[in-house]
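Enquirer: coords please:
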Amino acid sequence: MIFNIKTTQQVPVTHLKAECGVRYWEDGEVNGVEDTNGNLIPLRHGDVWRISVDLETGVIENWPQGITASVHYKVCEDGTYSLVDANGNEVTKRNWYVPPMLSPGGDGYGDYVIMKIDGTGKISDWSADLSYFEGDDD
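Expert: Okay, the predicted model is just below:
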């Protein structure tokens, strides 16, 4: 007989990668303008908003300088979230609800990405809480 034992190991991670299937793009503003069709928000790829956030600084990689945004995107269970190491290797991935750290602008209840992004790509009130990635999907 074989018995499987789960083990835990500590692995340094540097970024959160998020692919969010946004339902309502109009729930965002870019440079103070309502983004009715989602055409203004940087890093949109089709129906998905793909961002990579530096866990230490809360800065979104490749965010265009000078662009500000405020988003309140409904995503629910249409997202993929990964922690990656300094070499860009995926350490863990969840296809589940929105991680709480992507809602520093309010309680997202696992359904919403709520944040304000300044002209440098920094997310206001950022706090990297990795507990979302612990345990199993329930």
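
Enquirer: give the other helices and strands that the helix or strand of the chain with the lowest mean pLDDT contacts.
Expert: Least confident helix or strand, the chain: strand 90-96 with a mean of 93, by mean pLDDT, DSSP states H and E. The contact analysis (3 or more CB pairs under 8 Å, 6 or more residues apart in numbering; DSSP states H and E) places strand 90-96 against strand 79-84. Every residue, glycine included, has its C-beta placed from N, CA and C.

Enquirer: can you list the strands that the strand it packs on pairs with?
Expert: Using DSSP bridges, the strands paired with strand 79-84 are strand 15-21 (antiparallel), strand 90-96 (antiparallel).

Enquirer: name the residue closest to the centre of this structure, please.
Expert: Computing the C-alpha centroid of the chain and ranking residues by CA atoms, centre = their mean puts residue 18 first, at 4.2 Å.

Enquirer: cheers, nothing more for now.
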